[in-house]
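Asks: dropping a prediction and its sequence here:
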Amino acid sequence: MRKNIRLLLIVGLMVIFATALTYFDSFLYHDPVVRVTNVKNLSKNTSKDQYKNTDTQITQRVSGKLLNSKNKGKTISFHNTYYKSQLTDTKYKTGQQVILAHSGHSYSPQNIKRDTSLVFTFGLVIFLLFCMKFDRKKLFISVLINIVIFYGYMQSIIKTHNNALLLMTIITALLISATALLVILGPTYSALMAFSSTVVATTAAMLLSTFILGMTGYSGIHLELNDYELQPYLSVFLSQVIFSVLGVILDETMDISSSLIQMKKELSDVTDKTLFKSGINIGRELIGPLINILLFIVIAESLNVVLLYLSNGNSVGYTLNMTLSLGVTQLLISAIGIVLTVPVTSFIASKVITRRLN
């Protein structure tokens, strides 16, 4: 107990030290950095459009002391104009550190210096992970390896100019799944069961969904409305679906497989049919929460666009059709994968567990 408290204390002190270090690291920046000491509003103008949406434009005079450059310690000021909605601009407050652009004798704001808050947030996550008693080394290793894999995936997309996007997505998804399972579960039959179940369920869901969408001619699905209208539309859409459903199916297969393994260890005479039925029962309890999680993600990702459409006088039907069609389609494909995972994982796990543990 004392050892754990001592470890948590050391990690907490390291997080505090790293956060404090980034607060005073302005000397590492090439651009001037200023600490805001005074903010005064000079003007305020409110405008209203034809749909009765209102926004207010505010002009600030921001003063502060330079923290680096040859003029360190000098008090400077600059003007900043922002809208109350802060969609593409920023409101500056006293105490913030701001990165500036220097031209002649004048300064203009570029962005807020955010490294302190980022380091603190990342450190807080690490501290909370140390509070939980599990193998943190495996988590960090799997995350780092998957980051490297994803970096290679992006480099391959850049070199091929999206010509092999779907193929590279499939290969990346297989590598990420295999890496996560091998690092977390080790080279065991449990990892093999989870991997094979994930591949079979995901493949079946994608093929079935693509067939159904092809039969309908993608009616009502606006593939061209993906972010920034990236092409090829279908490959981009299917790549998004693969990555979105992969993590959920991995979690589901691991839950079912580990539960059946534990059941076999406690009841050595249990048959594969009983294991299969137990896996189905376990999966039924997982389907609802997992689909709801994906639904909340779709709503969260599309809420800002939905509000934008509605606030500009569009009807509810048109808004939902133009903003949620892709998200709902992804949700339906993911739901098919989640449902198919239950019998697939239950069947594979019941057969493998019965033979291996016997």
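Replies: Great, that's in hand. Residues are numbered from 1 along each chain as shown.
Asks: wait, what's in contact with residue 246?
Replies: Taking Cβ atoms under 8 Å, 6 or more residues apart in numbering, we find residue 246 in contact with 173, 176, 177, 198, 202. For every residue, glycine as well, the C-beta is placed using N, CA and C.
Asks: is it fair to say it lies in a strand?
Replies: No: applying DSSP: H, G, I helix; E, B strand; the rest coil, one finds residue 246 to be helix, outside a strand.
Asks: which residues touch the longest strand along the chain?
Replies: Identified as the longest strand of the chain according to DSSP state E is strand 33-48. Around strand 33-48, the neighbours that count as contacts under Cβ under 8 Å, 6+ apart are 26, 54-68, 75-76, 79, 92-100, 107, 113.
Asks: name the residues of it that are buried.
Replies: Residues of strand 33-48 classed as buried: 33, 34, 35, 36, 39 (neighbour count, 16 or more other Cβ atoms under 10 Å).
Asks: any idea how far stretch 76-89 is from the middle of the chain?
Replies: Distance of stretch 76-89 from its chain centroid, counting by Cα atoms, centre = their mean, to the nearest Å, is 29 Å.
Asks: endpoints of it, how far apart?
Replies: 21 Å (Cα to Cα, to the nearest Å).
Asks: export the helix or strand hosting residue 98 as PDB, just CAs?
Replies: Assigned by DSSP states H and E, residue 98 belongs to strand 97-103. The C-alpha trace of strand 97-103 is given here as PDB (Å, rounded to 0.1, in the frame of the first residue of the first chain):
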ATOM      1  CA  GLN A  97       0.100  33.600 -22.900                       C
ATOM      2  CA  VAL A  98      -0.300  34.500 -26.600                       C
ATOM      3  CA  ILE A  99       2.100  33.700 -29.500                       C
ATOM      4  CA  LEU A 100       2.600  36.800 -31.600                       C
ATOM      5  CA  ALA A 101       3.700  37.700 -35.100                       C
ATOM      6  CA  HIS A 102       6.200  40.600 -35.300                       C
ATOM      7  CA  SER A 103       6.300  43.000 -38.200                       C
END
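Asks: ok, then the element right after that strand?
Replies: Downstream of strand 97-103, the first helix or strand assigned by DSSP H and E is strand 106-112.
Asks: by contact count, what packs against that next one?
Replies: Counting contacts by 3 or more Cβ pairs under 8 Å, 6 or more residues apart in numbering; DSSP states H and E, strand 106-112 is packed against strand 75-83, strand 97-103.
Asks: closest one to residue 330 among those strands?
Replies: For these, proximity to residue 330 was assessed by Cβ to Cβ; strand 75-83 is nearest, at 32.5 Å.
Asks: okay, buried residues for the closest one please.
Replies: For strand 75-83, the neighbour count (16+ other Cβ under 10 Å) marks 76, 78, 80, 82 as buried.
Asks: and the angle from that strand to strand 97-103?
Replies: 100 degrees (axes from the mean of the first three to the mean of the last three Cα atoms, to 10 degrees).
Asks: run the chain-centre distance for strand 75-83.
Replies: With Cα atoms, centre = their mean, you get 34 Å for strand 75-83.
Asks: which residues sit against that strand?
Replies: Contacts for strand 75-83 (Cβ under 8 Å, 6+ apart): 34, 37, 42, 55-66, 89-92, 100, 106-109.
Asks: now do the buried residues in the helix or strand bottoming out on mean pLDDT in the chain.
Replies: Sorting the helices and strands of the chain by mean pLDDT, DSSP states H and E puts helix 316-323 at the bottom, at a mean of 81. Using 16+ other Cβ under 10 Å as the test for burial, helix 316-323 gives 319, 320, 321, 323.
Asks: residue contacts, the second one?
Replies: In other words, residue 320. residue 306.
Asks: distance of it from residue 240?
Replies: Distance of residue 320 to residue 240, given as Cβ to Cβ, to the nearest Å: 19 Å.
Asks: quick one on the thing from earlier: nearest to residue 129, of the contacts of residue 246?
Replies: Out of the contacts of residue 246, the member with the shortest distance to residue 129 (by Cβ to Cβ) is residue 176, at 20.3 Å.
Asks: any idea which element the closest residue in space to residue 291 that isn't next to it in sequence lies in?
Replies: Among residues not flanking residue 291 along the chain, residue 335 sits closest, at 5.1 Å (Cβ to Cβ, 6 or more residues apart in numbering). Following DSSP H and E, one finds residue 335 within helix 325-357.
Asks: next: residue 252.
Replies: Going by DSSP H and E, residue 252 is part of helix 233-266.
Asks: tell me which residues in that helix are buried?
Replies: 233, 235-242, 244-246, 248-261, 263-264.
Asks: go on, stretch 2-11?
Replies: residue 11.
Asks: for the remainder of this discussion, apply numbering that starts at 40.
Replies: Sure, I'll start numbering at 40, so the last one becomes stretch 41-50.
Asks: what's that stretch in contact with?
Replies: So stretch 41-50 is in contact with 165, 166, 169, 170, 172, going by Cβ under 8 Å, 6+ apart.
Asks: please redo it, this time with the cut-off set to 6 Å
Replies: Stretch 41-50 is contacted by residues 166, 169 when judged by Cβ atoms under 6 Å, 6 or more residues apart in numbering.
Asks: so the nearest residue to residue 178 once chain neighbours are set aside versus residue 46, what's the distance?
Replies: Excluding the flanking residues, the one nearest residue 178 by Cβ to Cβ, 6+ apart is residue 168, at 7.1 Å. Distance, residue 168 to residue 46, using Cβ to Cβ: 12 Å.
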